[in-house]
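A.B. asks: can't give you the sequence, but here's the structure:
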């Protein structure tokens, strides 16, 4: 039985992690921490957990707790995990970090976009970017869990980039997210009267997931990414536009919708959490509460644009579910263990 610890349990991602790990057949939660709710029962913070778990939130004393777990999930704001990870690894535990601290191979990129000095840049080379559909996770000791927007966008683009079928200098990602993506702390933008019955773009041309997506896709890609806030609790829908490469240059034959579907189906064959839709468009409703990513691809002959739609639950595949998926692979467990979730619909 794997012993798991959760640092920062009272945020949204920490709470979702608890729910997933409580039902995991190979995991026991050894401890959870919360700076703001230490010594309180988690069920007092989240009443829906009453009579499900009596676990008490501990003070985040990592030097004391690290040796009591085989794997530690860190669900803290950016800049905090880097202070803990060296101690955790020294104690012999594995780490899945849900912040951005270890997502970049180049510390200067992280520092430029997040305005935080990296305290252990040497560990960046050892961290594995935790998108299991594109990277090998087995055997990793430190996994950097991807961002939610990045997950939906990379999964939607990766097969196209690797196939060489799209122009890589004109990719546009238009993405919408539910309010939970902003985290638990209240802001003017996420205050109910301000965001209800409205939709707004934010961090235009400056969102921090942009370089993360570019790094994962490789080939020196620079793209346009625009996120929007929509008045729903959770879910991400990314609509991605890319110009098809003309036949005869890199593409061997003209692009067709049938050919695009084959590329996606072939690439994601055997990937249990990616579903390629052929007769419907993805909806956040179809993946709500699950670790699925639903993808559809269309070809607009008139404009020569390939359009990809990608939907995930930002708190599950976009955060905690993917973290559990990574843990499974790190320990050689079935990838789907504890993640056999049926979407909550309608």
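C.D. replies: Received it, and whenever you're ready, just let me know what you need. Here the structure is a predicted model, which means the values were calculated and not measured. Numbers count the residues shown, from 1 in each chain.

A.B. asks: make it CA atoms for all contacts and neighbour counts henceforth
C.D. replies: Fine.

A.B. asks: pull the helix or strand with minimum mean pLDDT from the protein.
C.D. replies: Within the chain, confidence by mean pLDDT, DSSP states H and E is lowest for helix 192-195 among all helices and strands, at a mean of 88.

A.B. asks: Direction included, what does the helix or strand following it pair up with?
C.D. replies: Using DSSP states H and E, the helix or strand that directly follows helix 192-195 along the chain is strand 200-201. The strands beside strand 200-201 in its sheet (DSSP bridges) come out as strand 224-229 (antiparallel).

A.B. asks: How far does the strand it pairs with sit from its chain's centre?
C.D. replies: Relative to the centre of its chain, strand 224-229 is centred 16 Å away, using C-alpha atoms, centre = their mean, to the nearest Å.

A.B. asks: same deal with stretch 26-44?
C.D. replies: 23 Å.

A.B. asks: how long is that stretch from one end to the other?
C.D. replies: In stretch 26-44, first residue to last residue: 26 Å (C-alpha to C-alpha, to the nearest Å).

A.B. asks: So for the least confident helix or strand of the chain, what gets flagged as buried?
C.D. replies: residue 195 (16 or more other C-alpha atoms under 10 Å).

A.B. asks: likewise stretch 89-109?
C.D. replies: If you call a residue buried by 16+ other C-alpha under 10 Å, then stretch 89-109 has these buried ones: 89, 91, 93-105, 107.

A.B. asks: go on, stretch 175-182?
C.D. replies: 175, 176, 177, 178, 179, 180, 181.

A.B. asks: what packs against the lengthiest helix in the chain?
C.D. replies: Ranked by residue count and defined by DSSP state H, the top helix of the chain is helix 148-163. Here helix 148-163 touches helix 209-217, strand 236-243, helix 257-267, strand 293-300, strand 305-312, going by 3 or more C-alpha pairs under 8 Å, 6 or more residues apart in numbering; DSSP states H and E.

A.B. asks: Please identify the deepest-packed of those.
C.D. replies: Sort the helices and strands packed on helix 148-163 by mean neighbour count, taking mean count of other C-alpha atoms under 10 Å, and strand 305-312 sits at the top with a mean of 26.

A.B. asks: What's the first helix or strand after that one?
C.D. replies: Following strand 305-312 in sequence, per DSSP H and E, is helix 321-330.

A.B. asks: Tell me how confident the model is about that next one, as a mean pLDDT.
C.D. replies: Averaged over helix 321-330, pLDDT sits at 98.

A.B. asks: ok, now stretch 150-164?
C.D. replies: For stretch 150-164, mean pLDDT is 97.

A.B. asks: Distance-wise, check the nearest residue to residue 10 once chain neighbours are set aside relative to residue 58.
C.D. replies: Residue nearest to residue 10 in three dimensions, not counting chain neighbours: residue 34, with 6.4 Å by C-alpha to C-alpha, 6 or more residues apart in numbering. Using C-alpha to C-alpha, residue 34 is found at 6 Å from residue 58.

A.B. asks: and if you look at residue 323?
C.D. replies: 21 Å.

A.B. asks: low pLDDT regions in the chain?
C.D. replies: Where the chain drops to pLDDT under 70, the residues are 248-252.

A.B. asks: just the helices in the stretch 1-150 of the chain please.
C.D. replies: For the stretch 1-150 of the chain, the helices defined by DSSP state H, counting those that start in this stretch occupy 12-22, 42-45, 62-65, 81-90, 107-114, 148-163.

A.B. asks: deepest of the ones you listed, which one?
C.D. replies: helix 148-163 (a mean of 23).

A.B. asks: Following element in sequence after that helix, please.
C.D. replies: strand 172-177.

A.B. asks: other SSEs contacting that next one?
C.D. replies: strand 224-229, strand 236-243.

A.B. asks: any idea how far the residue nearest to residue 10 lies from residue 78?
C.D. replies: On the measure of C-alpha to C-alpha, residue 34 and residue 78 end up 16 Å apart.

A.B. asks: what about these two, which has more around it?
C.D. replies: Counted by other C-alpha atoms under 10 Å, residue 34 and residue 78 do not tie: residue 34 has more neighbours, with 22 against 15.

A.B. asks: so what's residue 97 up against?
C.D. replies: Residue 97 is in contact with 73, 74, 75, 81, 142, 143, 144, 145, counting by C-alpha atoms under 8 Å, 6 or more residues apart in numbering.

A.B. asks: Where neighbours are concerned, which of those residues has the most?
C.D. replies: residue 145 (31 neighbours).

A.B. asks: Surely that residue touches residue 103?
C.D. replies: Yes - here residue 145 reaches residue 103: they are 7.4 Å apart, a contact under C-alpha atoms under 8 Å.
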